[in-house]
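sharing a model that was predicted from the sequence below.
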Amino acid sequence: MTRKLKLRCTDNMAAYEACILGLRIALDVDINELLVVGDFDLLIHQVQGQWATKNEKILPYVNLAKRLCKKFRKIEFRHTPRDQNEFTDALATIASMIQHPGSSQIDPLRISLKEEHANCCHEEAEPDGKPW
């Protein structure tokens, strides 16, 4: 699922918005055990209670994320450095570039992985030696 925020917020707030959205979706589909992988060290340590939250505007986000985490039987947060998280970075870049005129609905982005070259699925009856 992708979501574009149409509200003014800091990078920290956007990270919490994404985390909370993911936690809510996981709970909505009855996931009991969850591994949260992210490149935002501050969020991970604040939600786990390892780092204090000094920014008053972030505190409601931290509290909500902690409340949601308590609903899981098991939840683990794992930090992945940004340079090892190219896929997420690419999605964030795409989301920031797309303009959505007044619509609150965004068509989902579908990504499929192919394990064969397209030409491997094509067989000619008899090769004629021509490149076309």
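In hand now; what should we look at? Note that the coordinates shown come from a computational prediction; the quantities given were computed from them, not determined experimentally.

which residues of this protein fall in helices?
Taking DSSP state H, the helices of the chain run over residues 11-28, 41-47, 59-69, 86-97.

buried residues, the second one. List them.
For helix 41-47, the buried set under the neighbour-count rule, 16 or more other CB atoms under 10 Å, comprises L43, I44, Q46, V47. In short, each C-beta sits where N, CA and C put it, glycine included.

could you single out the nearest of those to A26?
Taking CB to CB as the measure, A26 lies nearest V47 of those, at 14.1 Å.

pretty sure the closest one sits against I20.
No: here V47 lies out of contact with I20, judged by CB atoms under 8 Å, at a distance of 10.0 Å.

shared neighbours of the two, anything?
When contacts are counted by CB atoms under 8 Å, 6 or more residues apart in numbering, V47 and I20 are jointly contacted by A65.

adding distance to G129, write the helices of the chain out as a markdown table.
Below are the helices of the chain laid out as a markdown table (distance: least, CB to CB, whole Å):
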| stretch | distance to G129 |
| --- | --- |
| helix 11-28 | 54 |
| helix 41-47 | 59 |
| helix 59-69 | 63 |
| helix 86-97 | 41 |
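
what's the most buried one of those helices?
Among the helices of the chain, ranked by average contacts under mean count of other CB atoms under 10 Å, first place goes to helix 41-47 (a mean of 19).
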